[in-house]
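Colleague: The following block contains a protein sequence and its predicted model.
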Amino acid sequence: MSYLHLLQSIRPNIRCLGYLLLPLLLTASLRESGATKQWDLLAFDRLLTLRPTEPIDRRMTIVTIDEADLNKQPNKSSISDQNLSKAINLIAAAKPAVIGVDIIRDGKIDPQLITAYQQHLNLIGLAKILPPDPLKPPSGLTADRIGFGDYEPDLDGAVRRATLAIFDDRSPKQNTYSFAFQVARVYLQQQQQKIQLTSSQLNLGSQVIYPLPVTDNSDQSKYFDVLVNYRHIYPTFPRLKLADVLEGKISNLQGQIVLIGYTATTKQDFVNTRVVPNPEINGNIYGVEYHGHIISQLITTTLDRRNFIQVLPFWGEYCWMLIWIASIGLVLKVITVKTTFQQLLLINIAYFGSILLSIYLLLMAGWWLSISFTFSTILIFYIPILISFYQRERSLIEIANQRHQAISETFNAIHYGPLQELSILSQSVKTQSISLPEIDRSLGKLNQQIRQIGDSLRSISAEEIESILVLGDGSQVDLNMPLNEIFYAVVDRAMYNHSYPNLTNLKTRIINFEQVSNEYKLGVDRKRQLCQFLEESIGNVGKYAEGATRLQLIGKVDGDLYRLSIEDNGQGQISSRVGEGTKEARRL
């Protein structure tokens with residue numbers, strides 16, 4: 001028995017857990033399938049552009065090789081070894097912290113260039129190691145002074161990641177590092193700052209950076225990828241033309257990072273970022289600038305504690321999701337069925353705007369999480385809960401309306417029946433025109449009427465209460481019947497079930513209610529009011545129309561109007577008190 005009790009106690013919790021896990025599993029499967037990846041990439045780009053503009057990084061200068069410089073070269077397609085070696089020597093004389101040559105020299109090169117490479121130990125060269133068409137590193141440089149410049153764009157062609165290193169589990173000696181990492185390493189070591197990269201983490205000073213989750217390749221190599229934190233400003237770094245360098249027109253480069261690379265459009269060395277606003281090449285940036293952004297990111301994270309954008313761990317995303325799912329309860333507290341569409345729209349805008357704002361603030365703090373995963377999960381929770389909550393509120397209001405209707409029916413039935421009899425009895429007692437046996441009979445009749453009303457109301461179901469009218473004697477009238485038939489039923493019960501003296505002395509009764517063709521426009525509520533008004537009017541004739549011998553009850557169709565009149569020839573009374581009948585007439 002205790003086992004059964006245990007099952008019964010945990011079954012509701014298991015059901016709630018199922019409601020929680022099912023949407024999470026659904027959205028997680030969508031995310032893992034890659035169906036929502038493109039939305040996340042576009043959102044990532046957009047949020048990066050919405051950040052405050054950062055200043056130009058003046059720790060770095062780019063020596064540009066443009067079309068004019070190429071036209072001065074012997075082959076007019078690339079810089080010559082002699083001019084490149086001369087430029088390196090002139091730049092080195094200005095005592096920069098590190099020189100990065102973003103130019104691939106594959107195969108045999110001029111001895112002057114080899115000498116320049118060997119002479120300047122703070123120089124980093126470029127290689128291409130990934131297919132297609134890998135290129136050997138330049139001669140004259142040791143392995144620790146060479147970095148690869150390969151990068152991988154996303155499916156839409158934009159480059160949002162940077163590969164800092166490729167680790168080989170089978171042969172650690174084959175580990176290779178990127179051009180940007182090698183340049184940043186040399187500079188930070190000169191600044192006596194810690195920079196260490198392993199297959200599991202990157203240490204930049206006191207900060208620890210973890211790689212993007214990437215599936216291992218079939219060749220057992222591990223790629224240490226990070227998100228590129230582009231600066232949303234252009235130009236991003238100070239520039240120096242190659243022609244000025246060769247002429248000796250060099251500004252102060254002491255302690256700086258100097259990158260040498262092509263900015264000639266014929267070289268087609270472009271990187272699509274969709275973040276850096278470069279009007280020169282339709283929003284793209286040059287390859288040397290791409291490496292500059294990564295170098296700047298590594299250095300400023302270490303020295304300036306600039307945020308290094310990382311992906312929120314999966315457990316963090318799910319905790320984040322649960323917080324916003326729990327906050328749905330706060331939203332539901334301010335939403336009722338009386339909430340207008342405009343109010344509901346504003347509430348939803350505020351709720352989802354808060355989620356988007358918090359994602360933006362997280363990005364500003366250096367953390368990125370999937371927008372599509374967040375919104376799809378919350379919507380799967382939010383919409384069904386909102387619908388069920390709305391239906392529950394509607395149900396509660398319907399129950400309240402039914403109770404109000406029942407109370408109103410009870411009051412009206414008592415008012416138009418027993419209270420009228422009690423009024424006559426009270427008047428007779430005041431005038432001493434009634435004997436004790438007659439009082440006893442009247443009280444017995446009142447008791448019977450009240451009980452009949454109670455029995456009649458109890459016999460009506462909640463579904464029928466809106467379409468049933470309970471008269472003063474406890475009888476019921478179906479308001480779905482034609483209006484003229486309802487009026488006849490009301491008159492029949494009101495005329496012959498009350499002991500009003502003025503009604504019993506009538507000699508002439510003219511009763512005629514014409515049929516109404518479009519009475520469906522009235523509705524049961526308006527029919528109920530009309531019937532109560534008619535019953536009250538007949539009761540008033542019986543109580544106040546002294547000496548009346550004629551009563552006329554006419555319902556006549558007059559063009560677009562329906563005229564309902566109650567007329568008698570009694571003397572009547574003048575009173576300043578406003579009774580229920582007058583109030584009901586005014587409401588009508």
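Modeller: Right, received. Where do you want to start? Residues are numbered from 1 along each chain as shown.

Colleague: distance of the most centrally placed residue in the chain from T377?
Modeller: Among the residues of the chain, the one closest to the centroid is F352, at 2.9 Å (Cα atoms, centre = their mean). Distance of F352 to T377, given as Cβ to Cβ, to the nearest Å: 13 Å. C-beta coordinates here come from the backbone N, C-alpha and C atoms, glycine included.

Colleague: Go ahead and report the secondary structure state at S251.
Modeller: Three-state call for S251 (DSSP: H, G, I helix; E, B strand; the rest coil): coil.

Colleague: can you count the residues close to the residue lying closest to E67 once chain neighbours are set aside?
Modeller: Leaving aside its chain neighbours, E67 sits nearest to A264 (4.7 Å; criterion: Cβ to Cβ, 6 or more residues apart in numbering). Here the count is done by other Cβ atoms under 10 Å, and A264 has 20 residues near it.

Colleague: you'd agree A264 is up against Q73?
Modeller: No: assessed by Cβ atoms under 8 Å, A264 is found out of contact with Q73, at 10.4 Å.

Colleague: what sits against Y230?
Modeller: The contact partners of Y230, by Cβ atoms under 8 Å, 6 or more residues apart in numbering, come to L48, T273, V275, V276, H293.

Colleague: Tell me the one of those nearest I387?
Modeller: L48 (36.0 Å; Cβ to Cβ).

Colleague: what about the closest one, helix or strand, and which?
Modeller: Assigned by DSSP states H and E, L48 belongs to helix 37-49.

Colleague: what residues does the helix or strand that comes right after that helix touch?
Modeller: Toward the C-terminal end, the helix or strand that comes next after helix 37-49 (DSSP H and E) is strand 60-65. Applying Cβ under 8 Å, 6+ apart, the set of residues contacting strand 60-65 from outside is 79, 87, 91, 96, 103, 237-242, 245, 251, 253, 256-264, 288-289, 292, 295-296.

Colleague: Show me these that map onto helices.
Modeller: A87, I91, L242, V245, V288, E289, G292, I295, S296 (DSSP state H).

Colleague: number of nearby residues for the fifth one?
Modeller: Per other Cβ under 10 Å, the neighbour tally for V288 reads 26.

Colleague: Settle this for me: it is touching L259, isn't it.
Modeller: Yes: judged on Cβ under 8 Å, V288 makes contact with L259 at a distance of 5.3 Å.

Colleague: Can you work out which residues contact both of those two?
Modeller: Common neighbours of V288 and L259 (Cβ under 8 Å, 6+ apart) are I62, D102.

Colleague: Spit out the contact partners of the residue nearest to E67.
Modeller: Counting by Cβ under 8 Å, 6+ apart, A264 has contacts I65, D66, E67, D69, L70.

Colleague: Now the phi/psi pair for N252, please.
Modeller: N252 has phi and psi values of phi -70, psi 110 when expressed as degrees, to the nearest 10.

Colleague: so what's it closest to, chain neighbours aside?
Modeller: A94 is the one closest to N252 (Cβ to Cβ, 6+ apart), at 7.3 Å.

Colleague: quick one on the thing from earlier: taking the contacts of A264, tell me the two that lie furthest apart.
Modeller: I65 and E67 (9.1 Å).

Colleague: what's the pLDDT at the residue in the chain sticking out farthest from the centre?
Modeller: Note on the chain: the largest C-alpha distance from the chain mean falls to S435, namely 77.1 Å (Cα atoms, centre = their mean). In the predicted model, S435 carries a pLDDT score of 79.

Colleague: Repeat that for the one 3 residues further on.
Modeller: E438 carries a pLDDT score of 74 in this model.

Colleague: my guess is it is in a helix, correct?
Modeller: Yes: using three-state DSSP, the secondary structure at E438 is a helix.

Colleague: show me what contacts it?
Modeller: S428.

Colleague: Now do the SS call for Q529.
Modeller: Reduced to three states with three-state DSSP, the structure at Q529 is helix.

Colleague: any idea of the pLDDT on it?
Modeller: In this model, Q529 carries a pLDDT of 82.

Colleague: Kindly tell me how buried it is, as a neighbour count.
Modeller: By other Cβ under 10 Å, the residues close to Q529 number 16.

Colleague: And P211, by the same measure?
Modeller: 22.

Colleague: sec struct for the nearest residue to it once chain neighbours are set aside, please.
Modeller: Take P211 and drop its neighbours on the chain: the residue closest to it by Cβ to Cβ, 6+ apart is F224, 4.6 Å away. The three-state assignment at F224 reads strand, by three-state DSSP.

Colleague: Please report how far F224 lies from G555.
Modeller: 91 Å.

Colleague: and these two? which has more neighbours close in?
Modeller: Ranked by neighbour count (other Cβ under 10 Å), F224 and G555 place F224 first, with 25 against 21.

Colleague: which strand residues sit across from that one in the sheet?
Modeller: Beta-bridge pairing of F224 under DSSP bridges involves A165.

Colleague: In this structure it contacts A162, no?
Modeller: No: between F224 and A162 there is no contact under Cβ under 8 Å: 9.4 Å.

Colleague: start to end distance for stretch 262-274?
Modeller: 20 Å (Cα to Cα, to the nearest Å).

Colleague: how far is it from where the chain is centred?
Modeller: 39 Å (Cα atoms, centre = their mean, to the nearest Å).

Colleague: now do stretch 358-367
Modeller: 17 Å.

Colleague: Just the buried positions in that stretch, please.
Modeller: I359, L362, L363, G366, W367 (16 or more other Cβ atoms under 10 Å).

Colleague: which residues touch V98?
Modeller: Contacts of V98 were listed using Cβ under 8 Å, 6+ apart, and they are N122, L123, I124, V183, V186, Y187, Q190, I257, V258.

Colleague: Torsion angles phi and psi at it?
Modeller: phi -160, psi 150.

Colleague: Check the spacing between it and I124 real quick.
Modeller: 7 Å.

Colleague: With T340 instead?
Modeller: 65 Å.

Colleague: The two: which is more packed in?
Modeller: A side-by-side neighbour count of T340 and I124, using other Cβ under 10 Å, places I124 first with 27 against 8.

Colleague: So in terms of bridging, what pairs with the more buried one?
Modeller: G100.

Colleague: Do you know the pLDDT at it?
Modeller: 94.

Colleague: didn't it look like it was pressed against I99?
Modeller: Yes: under the criterion of Cβ under 8 Å, I124 makes contact with I99 at 7.1 Å.

Colleague: so where's the stretch 51-200 of the chain shaky on pLDDT?
Modeller: 106-107 (pLDDT under 70).

Colleague: Can you show me the helices along it?
Modeller: 67-71, 81-93, 111-119, 179-190 (DSSP state H, counting those that start in this stretch).

Colleague: how about those, which one is nearest Q448?
Modeller: helix 179-190 (99.5 Å).

Colleague: for the closest one, the distance to its chain's centre please.
Modeller: 43 Å.

Colleague: again, but for stretch 366-381
Modeller: On Cα atoms, centre = their mean, the centre of stretch 366-381 falls 9 Å from the chain's centre.

Colleague: Who are the contact partners of the residue nearest to P211?
Modeller: Counting by Cβ under 8 Å, 6+ apart, F224 has contacts T163, L164, A165, I166, F167, L197, S199, L202, P211.

Colleague: so the fifth one touches K222, yeah?
Modeller: Yes: at 4.4 Å, F167 counts as touching K222 under the criterion of Cβ under 8 Å.

Colleague: Find residues that contact each of the two.
Modeller: With Cβ under 8 Å, 6+ apart as the test, F167 and K222 both reach S199.

Colleague: Figure out the helix or strand that L469 lives in.
Modeller: Using DSSP H and E, L469 falls in strand 468-470.

Colleague: what's the next secondary structure element after that strand?
Modeller: strand 476-478.

Colleague: could you give me the average pLDDT of that following strand?
Modeller: Rounded mean pLDDT across strand 476-478 is 80.
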